[in-house]
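*Asks:* coordinates only, sequence not included:
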């Protein structure tokens, strides 16, 4: 916990470095803590589960959702199965998130079921790097599996600077047919409409009870600017905390800034409560102290 408040980081990357394109390595060095790749990954490019567990514990993280990505033209092939040794080391702290690419997986429903059967807490789609639209009917069998199993869908909704992105596929409005056709499917908008779709993402979250905004890749102090057209405390009740680690200076640092922006009950929901409601199989944790204490405590206390 972060000084007594449950903390879920809903967007974390821990791939094998040897599976990645150089742009990902440079991104982690440019935006993450100094030396993070040498600290967490061994000389063969494999993440060290014991060090990752220790580091996330130091940051107050109760649960971290680990992402993979099948986007060979953008970031590389970060396979779901490569996450499993980390999960096995600390299954109460680390949960994997499934990923599929309709250009690579067929039949797609079978691969979604396989990854869910191995413990995935959600399914992530990356239409920008994978070069597909999320309203493509070829994805509907995957959505049907998610709805039946009550597992959420996470979609990259924001521009990307990695090689060869199809950024127009990040428009949250593309998901309108999916929202309509799968009314029981919870949908999480990762990156919250980053760059030009903040208002669209916010409007979808406020008008559809199944839609949520996830904050990874967004500097917390800029959130009031990004969503200036909306009541922040009202919108925040649809927010889920996430960082896009390792491309972030500090998880606890970000969490404290988010908490400082919001009313106490809204902050508690954003830091962990909403994630525990949305994602499949997360432990249900309760706060031990007032949330306002989290926002006021210095880093590392």
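*Replies:* Received the coordinates, thanks. Since the structure is predicted, the reported quantities are computational estimates derived from the model, not experimental observations.

*Asks:* Can you name every helix or strand that the longest strand anywhere in the chain contacts?
*Replies:* Taking DSSP state E as the criterion, the chain has its longest strand at strand 187-194. For strand 187-194, the packing partners by 3 or more CB pairs under 8 Å, 6 or more residues apart in numbering; DSSP states H and E come out as strand 153-158, helix 198-207, strand 211-214. Bear in mind the C-beta positions are built from the backbone N, C-alpha and C, glycine included.

*Asks:* Tell me which helix or strand comes right after the last one.
*Replies:* Remark: after strand 211-214, the chain's next helix or strand is helix 223-226, criterion DSSP states H and E.

*Asks:* any residues touching stretch 99-108, and which ones?
*Replies:* 67-71, 78, 80, 111-112, 115, 123-126, 130-132, 136, 138-139, 141-142 (CB atoms under 8 Å, 6 or more residues apart in numbering).

*Asks:* how would you label the residue most central in space within the chain: helix, strand or coil?
*Replies:* Geometric centre of the chain, nearest residue: residue 11, 2.8 Å, by CA atoms, centre = their mean. Here residue 11 is recorded as strand under DSSP: H, G, I helix; E, B strand; the rest coil.

*Asks:* pLDDT on stretch 57-67, on average?
*Replies:* Averaged across stretch 57-67, pLDDT comes to 97.

*Asks:* again, but for stretch 168-175
*Replies:* The average pLDDT within stretch 168-175 is 97.

*Asks:* measure that stretch end to end?
*Replies:* From its first residue to its last, stretch 168-175 covers 13 Å (CA to CA, to the nearest Å).

*Asks:* and if you look at stretch 132-147?
*Replies:* Counting by CA to CA, you get 21 Å between the two ends of stretch 132-147.

*Asks:* And for stretch 153-168?
*Replies:* 19 Å.

*Asks:* Identify each buried residue in that stretch, please.
*Replies:* By neighbour count on 16 or more other CB atoms under 10 Å, the buried set for stretch 153-168 is 153, 154, 155, 156, 157, 158, 159, 160, 162, 165, 166.

*Asks:* for stretch 253-270, same thing?
*Replies:* Judged by neighbour count using 16+ other CB under 10 Å, the buried positions of stretch 253-270 are 253-256, 258-259, 261-262, 264, 266-270.

*Asks:* Of those residues, which belong to helices?
*Replies:* Assignment to helices by DSSP state H places the following of the buried residues of stretch 253-270 there: 253, 254, 255, 256, 258, 259, 261, 264, 266, 267, 268.

*Asks:* rewinding a little: quick one: strands adjacent to the longest strand of the chain?
*Replies:* strand 153-158 (parallel), strand 211-214 (parallel) (DSSP bridges).

*Asks:* Thanks again, I'm all set now.
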